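Engineer: return atomic coordinates for the entry below.
(one chain, ligands or ions: 1)
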Amino acid sequence: MVLRLSSTMRRLGIITNPAAVTPTLISSTASFARNLNLPSPLRNHHLTSSICFLKSRSLLSSFSSFSSSSAAYLPSLDEFASTKGSVRARDDNKKVVLKGMSYASLQEWVESHGFRPGQAMMLWKRLYKDNIWAQDVDQLEGLNKDFKRMIGEHAEFGALSFKDVRSASDGTRKILFTLDDGLVIETVVIPCDRGRTTVCVSSQVGCAMNCQFCYTGRMGLKRNLTAAEIVEQAVYARRLLSHEVGSITNVVFMGMGEPFHNIENVIKAANIMVDENGLHFSPRKVTVSTSGLVPQLKRFLRECNCALAVSLNATTDEVRNWIMPINRKYKLSLLLETLREELSSMHKYKVLFEYVMLAGVNDRMEDARRLVELVQGIPCKINLIQFNPHSGSQFIPTDEDKMIKFRNVLAEGGCTVLMRFSRGNDQMAACGQLGMLGATQAPVMRVPEQFRTALKASV
Ligand code: SF4
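Structural biologist: Take a look at the predicted model:
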């Protein structure tokens, strides 16, 4: 049975060593399938039945077709793009969560309780402005007593519970928050030079995208974060660390999760963050990053004026299909053509391409030359990122000399290039290192033949 399962998995591009097909992996694969909204025969089977279903010809064919269709093992994006699982009303006490509301909604809510719009603005400012960052009704100084009583009775201030903060040797801080359902998310604060400090927020618990170089991707997806849970990460970071690290000026949606997989709440949160009467981040300094969900990317560009980053990481479909399985659904050519078209009508807007450098995989000089060609006609900057290793990772970081040579080829080709080295590595706070693995993990994809030596892959 193990051999049959192994050979089926080999065809799927999932780990191919029969000895590695342990019950844990079988369980992981089945659980991953459940998480990812797979066809029901796959979704409904647990450990034992995950073995049994392979006996059935019809179920086996479900499994095969799910694997061979380009990205069928990815979740149904339309379903996840809805608010399902993302707006967690506190049904227990019917209180509204203040930080999940845009200013317009807050004003409407305040008026519905018989108070004036001006009072809504006073509340909004105490939530987000002037270093108040109110956490409870007692911190609403200067507000009318009846108004405060109403807020105390009908509203919640917090969406997150602080759990811990860890400091890395380079000054990076990782904040851990517990959610109402006990899940844990991570937020990273990165002090930089020139008075710039960035908070990196999570948009989901775990992630469904299964990028092979990313620790969070190994977790699979647990759930979307609400807009309030996203906004509060930035508010809390300011409240907790501003006195130590200075003003937090930038936000990047590059923590746990694929932001466009939770686009409704991400756009809502980003719009709250840039409100000039509130947190007042500059839209140019709020960057939302995606692995390349094309329809959501178009929607974002039309509905939000914040900055966009696209995690590219490969110059061929062959490599990108492997290291970023979303590419099986939205190919490089479609992704880049969409950006070319959408950005052509946007004034002075540049996309940031992120490129995590993996030794022997995507860091050859021919990759650099191909990258120059691929981004032709797209207003962009390219950010070369040093890969951050983590336990169980099969990739090796490109050394700095080679990164510089790669950068030089891009620069000679006319590209604007930045280089980013690891931050927060010693506290697992660096890019692609967030989260905690549970008993089940997303499957490891098969390493294409020509990269096995480079990775010293034992397949
Ligand atoms: S890199 Fe981003 S999109 Fe890819 S698995 Fe990690 S968190 Fe998800």
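Engineer: the ligand contacts on the chain?
Structural biologist: Contacts of the chain with the ligand, taken as C-beta under 6 Å from any ligand atom, map to 207, 209-211, 214, 216-217, 256-258, 291, 432. Where C-beta positions appear, they are placed from N, C-alpha and C, glycine not excepted.
Engineer: can you count the residues close to the closest residue to S247 other than its chain neighbours?
Structural biologist: Excluding its sequence neighbours, the residue lying closest to S247 (C-beta to C-beta, 6 or more residues apart in numbering) is T197, at 6.7 Å. By other C-beta atoms under 10 Å, the residues close to T197 number 21.
Engineer: what does L241 give?
Structural biologist: There are 18 residues near L241, going by other C-beta under 10 Å.
Engineer: could you say what helices and strands whichever strand or helix holds it packs with?
Structural biologist: Element membership of L241, judged by DSSP states H and E, is helix 227-245. In terms of contacts (3 or more C-beta pairs under 8 Å, 6 or more residues apart in numbering; DSSP states H and E), helix 227-245 is packed against strand 161-167, strand 173-178, strand 184-191, strand 197-200, helix 263-273.
Engineer: redo the ones you listed as a markdown table? Include mean pLDDT and distance to C306.
Structural biologist: Formatted as a markdown table, the helices and strands packed on helix 227-245 follow (pLDDT from 0 to 100; distance: least, C-beta to C-beta, whole Å):
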| stretch | mean pLDDT | distance to C306 |
| --- | --- | --- |
| strand 161-167 | 95 | 26 |
| strand 173-178 | 96 | 22 |
| strand 184-191 | 94 | 18 |
| strand 197-200 | 96 | 14 |
| helix 263-273 | 97 | 5 |
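Engineer: could I get these as CSV with distance to A227?
Structural biologist: Output for the helices and strands packed on helix 227-245, formatted as CSV (distance: least, C-beta to C-beta, whole Å):
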stretch, distance to A227
strand 161-167, 18
strand 173-178, 15
strand 184-191, 14
strand 197-200, 16
helix 263-273, 4
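Engineer: out of these, which is closest to I151?
Structural biologist: helix 263-273 (17.8 Å; C-beta to C-beta).
Engineer: how far away from the center of its chain is the closest one?
Structural biologist: Put simply, helix 263-273 sits 14 Å off its chain's centre (C-alpha atoms, centre = their mean, to the nearest Å).
Engineer: rewinding a little: what distance separates the helix holding L241 from the centre of its chain?
Structural biologist: 18 Å.
Engineer: what comes up buried for that helix?
Structural biologist: For helix 227-245, burial by neighbour count (16 or more other C-beta atoms under 10 Å) applies to 227-241, 245.
Engineer: stretch 125-138 now?
Structural biologist: Judged by neighbour count (16+ other C-beta under 10 Å), stretch 125-138 contains these buried residues: 126-128, 133-134, 137.
Engineer: sort out for me which of those residues are in helices.
Structural biologist: Among those, the members falling in helices (DSSP state H) are 126-128.
Engineer: just give me the closest of these to the ligand.
Structural biologist: Nearest to the ligand out of these is Y128 (C-beta to the nearest ligand atom; 26.8 Å).
Engineer: what's around R340, how many residues?
Structural biologist: R340: 14 neighbours (other C-beta under 10 Å).
Engineer: please disregard the earlier target; I meant H347.
Structural biologist: 6.
Engineer: how much space separates it from the ligand?
Structural biologist: Shown here: H347 relative to the ligand, a distance of 29 Å by C-beta to the nearest ligand atom, to the nearest Å.
Engineer: report the secondary structure state of that residue.
Structural biologist: coil (DSSP: H, G, I helix; E, B strand; the rest coil).
Engineer: that one and V274, how far apart?
Structural biologist: According to C-beta to C-beta, to the nearest Å, H347 stands 18 Å off from V274.
Engineer: neighbours of the closest residue to I230 other than its chain neighbours, how many?
Structural biologist: Leaving aside its sequence neighbours, I230 sits nearest to A269 (C-beta to C-beta, 6+ apart; 3.8 Å). The local packing of A269 (other C-beta under 10 Å) involves 30 other residues.
Engineer: hmm, A269 is touching V231, no?
Structural biologist: Yes. Applying C-beta atoms under 8 Å, one finds A269 in contact with V231, separated by 4.9 Å.
Engineer: give me the spatial nearest neighbour of G142, chain neighbours excluded.
Structural biologist: M122 is the one closest to G142 (C-beta to C-beta, 6+ apart), at 7.1 Å.
Engineer: the one you found touches K148, doesn't it?
Structural biologist: No. Judged on C-beta under 8 Å, M122 makes no contact with K148 at a distance of 10.6 Å.
Engineer: give me the number of residues near Q107?
Structural biologist: 20.
Engineer: hmm, I was thinking of A359
Structural biologist: Neighbours of A359 under the rule other C-beta under 10 Å: 15.
Engineer: same check on the one 4 residues further on?
Structural biologist: The burial count assigned to D363 is 23, neighbours taken as other C-beta under 10 Å.
Engineer: got phi/psi on it?
Structural biologist: Dihedral pair for D363: phi -110, psi 20, per degrees, to the nearest 10.
Engineer: how about the contacts made by the spatially closest residue to it that is not a sequence neighbour?
Structural biologist: Setting aside the residues directly before and after it, D363 is nearest to T398 in space (C-beta to C-beta, 6+ apart), at 4.3 Å. The contact partners of T398, taken as C-beta atoms under 8 Å, 6 or more residues apart in numbering, are 357-359, 363, 386-387, 406.
Engineer: which one among those gets closest to the ligand?
Structural biologist: For those, the nearest to the ligand is F387 (11.4 Å; C-beta to the nearest ligand atom).
Engineer: hmm, that closest one is touching D399, no?
Structural biologist: No. Taking contacts as C-beta under 8 Å, F387 lies outside contact range of D399: 10.8 Å.
Engineer: compare those two and say which is more crowded by neighbours.
Structural biologist: F387 (24 against 12).
Engineer: what about the residue nearest to the more buried one when sequence neighbours are not counted, distance to Q376?
Structural biologist: Excluding its sequence neighbours, the residue lying closest to F387 (C-beta to C-beta, 6+ apart) is P397, at 4.2 Å. Counting by C-beta to C-beta, the gap from P397 to Q376 is 28 Å.
Engineer: of the residues of the chain next to the ligand, which belong to strands?
Structural biologist: Using DSSP state E, no member of the residues of the chain next to the ligand falls in strands.
Engineer: switch these over to TSV; also include pLDDT.
Structural biologist: TSV is the format used below for these (pLDDT from 0 to 100):
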residue	pLDDT
C207	95
M209	96
N210	94
C211	95
C214	92
T216	90
G217	90
M256	95
G257	96
E258	97
S291	97
G432	64
